[in-house]
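Enquirer: coords please:
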Amino acid sequence: MSDSAAIQARPLSRAVSIPVIPWYLWASIVGVTSAMVGVHWDISWHRSIGRDTFWTPPHIAIYLCGVIAGISCAWLILATTFGKLPKVRASSVRMWGFYGPLGAFITAWGGVAMLISAPFDDWWHNAYGLDVKILSPPHTVLAAGIIAIEVGALMLVLGYMNRAPAEGRGLLNWLYLYLGSMILVVTQILTMEHTGRVLQHTATFYLVTAIAVPAALVGVSRGSVHPWAATIVAALYSLFTASLIWILPLFPAQPKLGPVFNPVTQFTPPEFPLLLIVPAVALDLLRPKTHRWNPWLQALICGSVFAGLFLAAQWPFARFLTSSAAANGFFGTIYLDYAQGPQSLEAKGIFLGKEPDFAKLLAIAFGCAILTTRLGLAWGNWMRTVKR
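Expert: Residues are numbered from 1 along each chain as shown. Coordinates of the predicted model:
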């Protein structure tokens, strides 16, 4: 496959063509997938086994993302700069004397940030022991690198998609939506300390979701021409997360750290995905009716619909998840980590109590949903113009 002919299409018929996807686009997608699988696997490792050597399989999967992204995008930038890819050069941006697609520069920076975080994270664990927070300083650097790689890969695919003829965008659009779903996955990883099922009757849970989700969901869907873009992104996020619930417990694990309050014998998976698909369907239905409205009016309606429908769907579903009806391998509530004993809220199926200012925080959550929806609209409209 010639990289200079990356976006040329092979016609299969008069109406259908399949774009030739260059290897560095596939490399970015593989790297993003490796990072998301590795991060969830690493969290499960900590919950099931505890702190282990730095060279665990999930750590290797995570940092493989940085290596793949760094090497592939460095090659793309150098090859474009020195004339090996003249057609890519024609649709590139210039930065510090180098040429390449915008996404390549973002992805390369993310790869460097990830690799820098590796020795920092190892030192942090050796100095302070087991992490008690998702966003420790080295994890924050790592998260910034992963997000940069995901956004960069999204921009790479987006540039090719927006330059491709309309009949040849199908596969590129699906790759774009898949990468968008991985951005949704990483937002849920970063906020998981506030989104557990026993927290889902607190206003803080809905506030955190309103801050983290609408910008990504609305932005990615607005950047796509698919009429069900938001639904597809939410469905892919749900399927990815649920598959971890069904796959990870198939493998044995045993705690190496104490105290052990729960005798774990298998990997502990993440919790069941949030019902983001409910407001996502509504956003797709609203899109053709509101796309010509003033952006702030769109944000007001769509943000309120997102917050309202998510509250209406997740509140009763959280009650179901804490009941005996969900205590099975499909919903995954039977799996607890070794630090969650029989007296934990998760084991008892008891919600954390509501905040004293519950109504005020819930109102703030609706306001944040409107603001982050407006941000997503602006980001999505800009992405539809990206061709470099």
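Enquirer: just the helices in the stretch 201-350 of the chain please.
Expert: Assignment of helices within the stretch 201-350 of the chain using DSSP state H, counting those that start in this stretch yields the ranges 203-212, 214-222, 229-247, 277-290, 295-321, 345-348.
Enquirer: buried deepest among those, which one?
Expert: Mean neighbours per residue, mean count of other Cβ atoms under 10 Å, is largest over the helices of the stretch 201-350 of the chain for helix 214-222, with a mean of 26. Bear in mind the C-beta positions are built from the backbone N, C-alpha and C, glycine included.
Enquirer: before we move on, back to that, let's have the helices of the stretch 201-350 of the chain in TSV, adding mean pLDDT and distance to residue 141.
Expert: Output for these, formatted as TSV (pLDDT from 0 to 100; distance: least, Cβ to Cβ, whole Å):
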stretch	mean pLDDT	distance to residue 141
helix 203-212	96	19
helix 214-222	95	21
helix 229-247	97	24
helix 277-290	95	31
helix 295-321	97	30
helix 345-348	89	30
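Enquirer: closest to residue 359 out of those?
Expert: Nearest of the helices of the stretch 201-350 of the chain to residue 359, taken as Cβ to Cβ: helix 203-212 at 7.7 Å.
Enquirer: now that closest one against helix 277-290, angle please.
Expert: 50 degrees (axes from the mean of the first three to the mean of the last three Cα atoms, to 10 degrees).
Enquirer: for helix 203-212, packing partners?
Expert: Using 3 or more Cβ pairs under 8 Å, 6 or more residues apart in numbering; DSSP states H and E as the contact test, the elements touching helix 203-212 are helix 170-190, helix 295-321, helix 358-383.
Enquirer: could I get those as TSV with distance to residue 237?
Expert: What follows is these, written out as TSV (distance: least, Cβ to Cβ, whole Å):
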stretch	distance to residue 237
helix 170-190	4
helix 295-321	14
helix 358-383	15
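Enquirer: flag the shaky bits of the stretch 101-250 of the chain, pLDDT-wise.
Expert: Within the stretch 101-250 of the chain, the ranges that satisfy pLDDT under 70 run 127-133, 135, 168.
Enquirer: 90 - rerun?
Expert: Within the stretch 101-250 of the chain, the ranges that satisfy pLDDT under 90 run 101-146, 155-173, 225.
Enquirer: returning to what we had before: to residue 207, which of the helices and strands packed on helix 203-212 lies closest?
Expert: helix 358-383 (4.1 Å).
Enquirer: buried set for that closest one?
Expert: 361-362, 364-366, 368-370, 372-380, 383 (16 or more other Cβ atoms under 10 Å).
Enquirer: I'd like to know which of the helices and strands packed on helix 203-212 is closest to residue 255.
Expert: helix 170-190 (22.2 Å).
Enquirer: packing partners for the closest one?
Expert: strand 17-19, helix 23-48, helix 137-163, helix 203-212, helix 214-222, helix 229-247.
Enquirer: including distance to residue 255, could the ones you listed go into JSON lines?
Expert: Below are the helices and strands packed on helix 170-190 laid out as JSON lines (distance: least, Cβ to Cβ, whole Å):
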{"stretch": "strand 17-19", "distance to residue 255": "48"}
{"stretch": "helix 23-48", "distance to residue 255": "7"}
{"stretch": "helix 137-163", "distance to residue 255": "22"}
{"stretch": "helix 203-212", "distance to residue 255": "28"}
{"stretch": "helix 214-222", "distance to residue 255": "34"}
{"stretch": "helix 229-247", "distance to residue 255": "20"}
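Enquirer: just to revisit the earlier point, of the helices and strands packed on helix 203-212, which is nearest residue 126?
Expert: That would be, of the helices and strands packed on helix 203-212 and by Cβ to Cβ, helix 170-190, which comes in at 23.6 Å.
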